[in-house]
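1. Sequence and predicted structure, then a few things I'm wondering about:
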Amino acid sequence: MITHPFPPLYDTHSRILILGSFPSVKSREQMFFYGHPQNRFWRVLAAVFDCAVPETVEEKRVFLLSRRIALWDVLASCEIEGSADSTIKNPIPNDLSPILCAAPITRIYLNGRTAEKYFRRFTAPKIGHSAVCLPSTSPANAAFSLNKLVEAWQIIREEV
């Protein structure tokens, strides 16, 4: 069983919450979200907001918080082989209440179908909040080019 090793990112101004499934091996090593260089999350968000791709963890924090975006994962712990969501077993969800109580979240977005599956199973019934599933920025989602991802993720810009 692997436990999520780092806290959510949010502040009292966050209006959007983006949830992934569980951090990759690289993200766990870096102790921050979307740490694998092949994950397109940071490139997609930079394109959506028409700015440079943040490189350091601090730049990524500033990038998100300045756009009122909170970031977390649906799962608090699970058994997983490497970084493959398809191998997740015995998932235990995160408690979103600290974020939802501290920040005026108006919209929740899910980064991919695995996040959606566990959100619907564990989280939605507890919080009574719906979420919009966006295509995964994972390199495993080869069906979506970077341009198609940017197009789909444009919806978040409308919320901030």
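-> Sure thing, it's come through.

2. all strands of the protein, in order?
-> With DSSP state E as the criterion, the chain has strands at 2-3, 16-20, 69-73, 75-79, 89-93, 107-111, 132-134.

3. any idea of the pLDDT on the closest residue to Arg43 other than its chain neighbours?
-> Sequence neighbours aside, Val53 is the residue nearest to Arg43 in space, at 5.5 Å (criterion: Cβ to Cβ, 6 or more residues apart in numbering). C-beta here means a position set from N, CA and C on the backbone, and glycine is covered the same way. Note on Val53: pLDDT of 98.

4. Need the pLDDT of Gly128.
-> As predicted, Gly128 sits at a pLDDT of 84.

5. Next, the contact list for it, please.
-> Applying Cβ atoms under 8 Å, 6 or more residues apart in numbering to Gly128 gives no contacts.

6. Kindly report the same for the one 10 residues further on.
-> Taking Cβ under 8 Å, 6+ apart as the definition of contact, the neighbours of Ser138 are Asn39, Arg40, Asp85, Gly112.

7. now those residues as CSV including neighbour count and pLDDT?
-> Converted to CSV, the contacts of Ser138 look like this (neighbours: other Cβ atoms under 10 Å; pLDDT from 0 to 100):
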residue, neighbour count, pLDDT
Asn39, 23, 95
Arg40, 23, 97
Asp85, 21, 88
Gly112, 19, 96
